[in-house]
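*Asks:* Structure for the following, please:
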Amino acid sequence: MRQSFESCKEIFKSKTTFVLTTHINPDGDGLGSEVALALYLTGRGKSVAIINQSETPAYYKFMHALFPIATFSTAKHGTVIKDAEVIVALDTNSAARFPAMKELVMESRANKICIDHHLDREEFADLYLIDEKAPATGEIIYNLLRFLDGGAITKPIAEALYAAIMTDTGSFRFPKTDVETHRIIADLLLHGADPTEIYQKIFEEGPVSKLKLLGRALSSLSVVHGGRVATMVLLRKDFSETQTAEEDTDNMINHAMSIGGVRVGLMFIELENGVKVSFRSKGDIAINALAKEFGGNGHKNAAGARIYGSTLPDVVIRVTERAVAYL
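*Replies:* Numbering: from 1, shown residues only. Sure, this is the predicted structure:
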């Protein structure tokens with residue numbers, strides 16, 4: 001990783017205009033990593049734009065106060081992406097994860113950098129900073145900034161990185177969370193990150209409609225395969241009747257994993273043109289392998305997939321039946 005950091009340092013030093021992006025439907029890790037890197041680069045006199053395919057979820061919009069985050073429009077951002085000297089994709093190792101922007105990014109002559117912690121990268125970048133052992137991309141960004149400048153961590157950067165690492169570690173309880181993670185968090189607290197305030201902004205300021213949607217998900221809960229697999233299903237009408245959106249399902253699958261004896265959790269969300277599946281597992285069950293069977297990917301214990309050309313009932317049956325092979 002040190003050699004990759006050195007290469008990144010040379011690019012950052014020699015280039016002036018940067019575009020940062022992350023995956024569709026961005027989460028706290030992608031957004032926090034973008035904002036932290038953008039703050040660092042602008043502090044060094046660089047011109048930086050964060051452009052994401054999807055709009056920032058409401059509970060992460062406090063990050064806009066740290067750094068502006070634009071939602072992609074070809075008319076507004078086509079030239080910006082084309083003219084950038086450096087394009088950095090964060091928290092994704094595949095250009096397919098920002099499909100509306102993919103063609104522009106691939107056609108650009110910019111230096112392309114991928115910073116991520118997921119498995120099975122797609123070859124699209126010139127430089128990869130990938131640490132599959134890291135629990136969050138935010139941890140990689142922290143180590144990169146410390147490598148670039150020992151005094152790089154300001155209060156706004158600390159806030160963005162705390163949000164990134166806290167959310168992607170499930171509030172520091174997921175398997176890859178280790179001693180190093182807690183050391184990094186301690187340093188972020190020393191630099192001004194307020195854990196209570198950040199947690200409240202993300203998890204405790206949502207609308208009542210989100211809780212109503214959670215109620216729909218919990219009412220659909222089913223435990224199968226001898227109590228080892230839990231499933232939840234949300235229909236399109238559940239969203240329309242509660243006036244919610246797909247982004248409001250973030251972390252709902254974790255409720256299925258709170259049941260004693262459950263080793264695998266599956267959440268099925270009916271989309272306009274397909275089905276989104278969230279996969280979770282405990283211990284040594286490599287649930288990302290199951291996700292791959294259906295065109296998805298992710299971490300060993302947390303993954304996702306979007307399945308097109310099949311009905312919701314069909315997807316529920318096929319995925320649930322295949323889950324047995326991983327128990």
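*Asks:* Any idea how far apart the tips of stretch 124-140 sit?
*Replies:* Across stretch 124-140, the terminal residues are separated by 19 Å (C-alpha to C-alpha, to the nearest Å).
*Asks:* Okay, buried residues for it please.
*Replies:* For stretch 124-140, burial by neighbour count (16 or more other C-beta atoms under 10 Å) applies to 124-125, 127-131, 134-140. C-beta coordinates here come from the backbone N, C-alpha and C atoms, glycine included.
*Asks:* Include secondary structure when you put those into a markdown table, please.
*Replies:* Shown next, in a markdown table, are the buried residues of stretch 124-140 (DSSP: H, G, I helix; E, B strand; the rest coil):
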| residue | secondary structure |
| --- | --- |
| F124 | coil |
| A125 | coil |
| L127 | strand |
| Y128 | strand |
| L129 | strand |
| I130 | strand |
| D131 | coil |
| A134 | coil |
| P135 | coil |
| A136 | coil |
| T137 | helix |
| G138 | helix |
| E139 | helix |
| I140 | helix |
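*Asks:* biggest separation within the residues you listed, which pair?
*Replies:* With distance counted by C-beta to C-beta, no two of those lie farther apart than F124 and P135, which are 23.8 Å apart.
*Asks:* burial measure for T169, as a count.
*Replies:* Number of residues near T169 (other C-beta atoms under 10 Å) recorded here: 22.
*Asks:* contacting residues for it?
*Replies:* Contacts for T169 were tallied using C-beta atoms under 8 Å, 6 or more residues apart in numbering; they are P135, A136, K176, T177, T181.
*Asks:* Check pLDDT for the residues you listed and point me to the minimum.
*Replies:* Among the contacts of T169, K176 carries the lowest pLDDT, at 90.
*Asks:* I'd like the distance from that one to I165, if you could.
*Replies:* 11 Å (C-beta to C-beta, to the nearest Å).
*Asks:* Next: N288.
*Replies:* 20 Å.
*Asks:* Likewise for H299?
*Replies:* When distances are taken as C-beta to C-beta, H299 and I165 turn out to be 14 Å apart.
*Asks:* Settle it for me: which of the two has more neighbours?
*Replies:* A direct count of neighbours by other C-beta under 10 Å for H299 and I165 places I165 higher, at 30 against 23.
*Asks:* Could I get the full set of helices for this protein?
*Replies:* 2-14, 28-43, 74-83, 99-107, 137-148, 155-168, 179-190, 195-203, 208-219, 236-242, 253-256, 287-293, 312-323 (DSSP state H).
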